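A.B. asks: quick one, structure for this:
(one chain, ligands or ions: 1)
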Amino acid sequence: MIIAIYPGSFDPITMGHLDIIERGAHIFDEVVVAVLENPHKNPLFSVEERKLLIEQSVASLSNVKVETFMGLLVDYLRVKGARVVIRGLRAVSDFEFELQNATMNRKLWPPTETFFMPTSTNYSYLSSSIVKEIAKYGGDVSGLVPPPVEEALRKKFNRG
Ligand code: PNS
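C.D. replies: Next comes the predicted model:
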């Protein structure tokens, strides 16, 4: 039974994240989406809001769970009894940061193995930050985020 942890900020979850979750759920026995609660960041959505939006977006995937974590990813992995991490790569520019993190995580806890998945090309330009920027100025984010997120963004920016 291989449990894969898919960690991230998910502020908010996008279709790019969902693509990785769906494909990961076909490969691994269980995927746990782990939402980072970072007291040093000021997210648009609280950690509970982010968790709920992911839960609503993955409702049809029976082997996907959503949790929150604080602190080091490797400490969370140890508590979960998991050693597999999934991360999506949109472009070569993502790779440098991701390789650094993956290598450091292995140094901190050697059993950790990070699996990189290339994001589907139709989502390679997508990020949570760009989605927030578009929604903030009233742009159309349909197709970029799951429907519950679209609605939550409208509410957050008081757009009906
Ligand atoms: O969605 P993000 O913001 O790109 O996700 C980054 C995340 C959450 C995977 C990374 O920042 C992380 O694992 N943070 C937890 C703290 C930690 O373990 N840092 C050391 C990594 S070497």
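A.B. asks: ok, Leu53 to the ligand distance?
C.D. replies: 14 Å (C-beta to the nearest ligand atom, to the nearest Å). For the C-beta atoms, the positions are set from N, CA and C on the backbone; glycine is no exception.
A.B. asks: packing partners for the host helix or strand of that residue?
C.D. replies: Here Leu53, judged by DSSP states H and E, is contained in helix 47-57. In terms of contacts (3 or more C-beta pairs under 8 Å, 6 or more residues apart in numbering; DSSP states H and E), helix 47-57 is packed against strand 30-36, strand 64-69, helix 147-156.
A.B. asks: which other residues reach the first one?
C.D. replies: Contact with strand 30-36 is made by 1-10, 21, 24-25, 47, 50-51, 54, 58, 61, 63-70, 73, 76, 80, 82, 86, as judged by C-beta atoms under 8 Å, 6 or more residues apart in numbering.
A.B. asks: give me every residue in the protein lying close to the ligand.
C.D. replies: Pro7, Gly8, Ser9, Leu36, Leu72, Leu73, Asn101, Met104, Asn105 (C-beta under 6 Å from any ligand atom).
A.B. asks: are any of the residues you listed buried, and which?
C.D. replies: Pro7, Gly8, Ser9, Leu36, Leu73, Asn105 (16 or more other C-beta atoms under 10 Å).
A.B. asks: adding pLDDT, write the residues you listed out as CSV.
C.D. replies: As requested, those are exported to CSV (pLDDT from 0 to 100):
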residue, pLDDT
Pro7, 98
Gly8, 98
Ser9, 98
Leu36, 98
Leu73, 98
Asn105, 98
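A.B. asks: coming back round to it: just checking, which of the residues of the chain next to the ligand belong to helices?
C.D. replies: If you go by DSSP state H, those have Leu73, Asn101, Met104, Asn105 in helices.
A.B. asks: contacts only, for the last one.
C.D. replies: What it means is Asn105. With contact set as C-beta under 8 Å, 6+ apart, Asn105 has these partners: Leu73, Val74, Val85, Thr112, Thr114.
A.B. asks: what's the neighbour count on Gln56?
C.D. replies: Per other C-beta atoms under 10 Å, the neighbour tally for Gln56 reads 16.
A.B. asks: what about it, distance to Ser127?
C.D. replies: 20 Å (C-beta to C-beta, to the nearest Å).
A.B. asks: for the residue nearest to Asn63 when sequence neighbours are not counted, give me the pLDDT.
C.D. replies: Distances taken as C-beta to C-beta, 6 or more residues apart in numbering place Glu30 nearest to Asn63, at 5.0 Å, with adjacent residues excluded. The model reports Glu30 with a pLDDT of 98.
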